[in-house]
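> coordinates only, sequence not included:
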């Protein structure tokens, strides 16, 4: 089985969740940023809070060639792919105020923007997007540790991806880069999503916790 | 607190995250996620995985001028696209499809009404208004059909579906949904059947006349 267990995914999660108690113990000095944010998150926060163009340039250098690689794989010409990179990176700059490290990573945010642009270019469609959540008023200790928790999950996820056998990794790439339909995904028993699934489940718990907090506030 | 019991299956959520899912279905998924924190969290998790895949992807060299071009545009003024907000029972993605206006209902007979939101080669998506106790107009569909309840409820062989619940019918599942008594049932339904009015309406009405 892969990550397609409809009901099982909603079963009470096994005790793999390090919920509030443990995360609250992460030392937080006032609202100072912790050193453990990834370089990309640090750069993105500088873009968001200081409109730092140098930080933006570094994000461009890191993500630009990867965004182009993905776009060309999906059938865009080199020119179209560069137009896309430009649009996606400018969207990142212009929507920077919406970036919230407790809910998304720079990479997941860019992934989402890039998929939208690609749908627009290749199919002339707008992808309907879910309603935005109301922004939290102020960063709290809790949300700082949530953000760090998310960072840890994503690093673990990247490690898990890197350890996959080439054939397995290829299937994961295909699924996430829009080369497989949901019926393909359901039928693809070779999709090695066991590890990823457990990582996703951890991420899910963090996010669920986060959403709970928003609803109560 | 939400009482949603019928969610978007993971494979479909992944197909949405990857951008492959056709627009009519993507609209139903985006609407469900707007109503369902559970699926919002699962979608975010898929986007994290997607981001990780993108970040690990092979790079393609950028032409020399691209960076300067982008940097030069950072201070340009931009027109903001309109942002649509939830209005009564319609979450923001539906309001966007309606361009902020109320739905234009067209009668299908017996009090049943529909309002087409989008239709094209990839399928169609509509709002359906079903009076209490009435059978939901069913129609044959060769592939996927998603039906999400926005108001009221319906029941069929697949169970009971209340507000926020989504029924996923793959292939030609035989089902005869009936709207619950009480409030009228309003749904958003996406199907990959091409929209042919002449052939479509009589088919739609068949189950109603059978009541």
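That came through fine. The model shown is predicted, which means the values in this text are computed figures rather than measured ones. Numbers count the residues shown, from 1 in each chain, chains lettered A, B, ... in the order given.
> so where is chain A shaky, pLDDT-wise?
Along chain A, segments meeting pLDDT under 70 span A:1-35, A:134-143, A:189-217.
> For it, which segments count as helices?
Secondary structure of chain A (DSSP state H): helices located at A:20-24, A:39-50, A:53-73, A:78-94, A:106-123, A:141-162, A:166-176, A:182-187, A:193-216.
> from those, which stretch is densest packed?
helix A:106-123 (a mean of 22; mean count of other C-beta atoms under 10 Å in any protein chain shown). All C-beta atoms are positioned from the backbone trio N, CA, C, and that covers glycine.
> In terms of secondary structure, what does that one contact?
In terms of contacts (3 or more C-beta pairs under 8 Å, 6 or more residues apart in numbering or on different chains; DSSP states H and E), helix A:106-123 is packed against helix A:39-50, helix A:53-73, helix A:78-94, helix B:37-56.
> Need the contact partners of the shortest one.
Here helix A:39-50 makes contact (C-beta atoms under 8 Å, 6 or more residues apart in numbering or on different chains) with A:33, A:37, A:52, A:55-56, A:58-59, A:62, A:92-93, A:96-97, A:99, A:101, A:105-107, A:147, A:151.
> same check, this time on the second one
Contacts to helix A:53-73, defined as C-beta under 8 Å, 6+ apart, come from residues A:40, A:42-44, A:46-47, A:78, A:80-82, A:84-85, A:88-89, A:92-93, A:106-107, A:110, A:114, A:118, A:177, B:54-55, B:57-62, B:66-67, B:70-71, B:74.
> switch the cut-off to 6 Å
A:43, A:46-47, A:81, A:84-85, A:88-89, A:93, A:110, A:114, B:54, B:57-60, B:62 (C-beta atoms under 6 Å, 6 or more residues apart in numbering or on different chains).
> Neighbours of residue 104, how many?
In the absence of a named chain, this looks at chain A. Residues lying near residue A:104 (other C-beta atoms under 10 Å in any protein chain shown) number 24.
> meant chain B actually
11.
> Can you name the helix or strand that the residue lying closest to it once chain neighbours are set aside falls in?
Nearest residue to residue B:104 in three dimensions, chain neighbours excluded: residue B:115, at 5.5 Å (C-beta to C-beta, 6 or more residues apart in numbering or on different chains). Assessed by DSSP states H and E, residue B:115 sits inside strand B:112-120.
> so what strands line up beside that strand?
With DSSP bridges as the test, strand B:112-120 is paired with strand B:106-109 (antiparallel), strand B:123-130 (antiparallel).
> Could I get the buried residue list for the first one?
It stands for strand B:106-109. Across strand B:106-109, burial judged by 16 or more other C-beta atoms under 10 Å in any protein chain shown covers residue B:108.
> could you give me the average pLDDT of it?
Strand B:106-109 shows an average pLDDT of 88 in the prediction.
> how far is that strand from where the chain is centred?
Chain-centre distance of strand B:106-109: 21 Å, with C-alpha atoms, centre = their mean, to the nearest Å.
> Check the longest one too.
With C-alpha atoms, centre = their mean as the basis, strand B:123-130 stands 9 Å off its chain's centre.
> So what touches it?
Contacts for strand B:123-130 (C-beta under 6 Å, 6+ apart): B:22, B:24, B:27, B:103, B:112-118, B:136, B:179, B:185-192, B:195.
> What strands line up against the next helix or strand after it, and which way round?
Heading C-terminal from strand B:123-130, the first helix or strand you meet, by DSSP H and E, is strand B:145-151. Strand pairing for strand B:145-151, determined by DSSP bridges: strand B:166-169 (antiparallel), strand B:185-191 (antiparallel).
> give me the number of residues near the closest residue to chain A within chain B?
Relative to chain A, the nearest point of chain B is residue B:51 (3.2 Å; C-beta to the nearest C-beta). Counted with other C-beta under 10 Å, the neighbours of residue B:51 add up to 26.
> In this structure it contacts residue A:107, no?
Yes - counting by C-beta atoms under 6 Å, residue B:51 touches residue A:107, with 3.2 Å between them.
> Name all residues that make contact with residue 82.
Here I'm looking at chain A. residue B:66.
> how about low-confidence regions in chain B?
Residues of chain B that meet the cut-off, pLDDT under 70, sit at B:1-2, B:136-142, B:171-174, B:193-211.
> Mind checking what secondary structure the residue with the largest distance to the centre of it has?
Distance from the C-alpha centroid of chain B peaks at residue B:64, with 42.0 Å (C-alpha atoms, centre = their mean). Assigned by DSSP: H, G, I helix; E, B strand; the rest coil, the conformation of residue B:64 is coil.
> give the contact list for it.
With C-beta under 6 Å, 6+ apart, residue B:64 has no contacts at all.
> Against residue A:82, how distant is it?
Look at residue B:64 and residue A:82: by C-beta to C-beta, to the nearest Å, they are 11 Å apart.
> Kindly report the same for residue A:187.
From residue A:187 to residue A:82 the distance is 35 Å (C-beta to C-beta).
> The spatially most central residue of chain B - nearest residue in space that isn't next to it in sequence?
Nearest residue to the geometric centre of chain B (C-alpha atoms, centre = their mean): residue B:28, 1.3 Å. Excluding the flanking residues, the one nearest residue B:28 by C-beta to C-beta, 6+ apart is residue B:146, at 4.3 Å.
> surely that neighbour meets residue B:188?
No - assessed by C-beta under 6 Å, residue B:146 is found out of contact with residue B:188, at 8.3 Å.
> what is in contact with the two at once?
In contact with both residue B:146 and residue B:188: residue B:28, using C-beta under 6 Å, 6+ apart.
> Let me see the domain layout of chain B.
B:10-96, B:101-209 (automatic domain parsing).
> Sticking with residue B:11, tell me its helix or strand.
helix B:10-17.
> wouldn't residue A:84 be in contact with residue A:119 here?
No - using C-beta under 6 Å, residue A:84 is not in contact with residue A:119; the gap is 11.0 Å.
> State the distance from residue B:86 to residue B:146.
In terms of C-beta to C-beta, residue B:86 sits 20 Å off from residue B:146.
> Of these two, which one has the most company?
Shown here are residue B:86 and residue B:146; by other C-beta under 10 Å, residue B:146 has more neighbours (28 against 14).
> Tell me which residues touch that one, please.
B:25, B:28, B:166, B:168, B:190.
> related to what we said a few turns ago, which positions within the strand holding residue B:115 qualify as buried?
B:112, B:113, B:114, B:115, B:117, B:118, B:119.
> who's the fourth one bridged to?
Translated: residue B:115. The partner residues for residue B:115, given DSSP bridges, come to residue B:127.
> Hmm, it is touching residue B:103, no?
Yes - Residue B:115 lies in contact with residue B:103 (C-beta under 6 Å); the separation is 3.8 Å.
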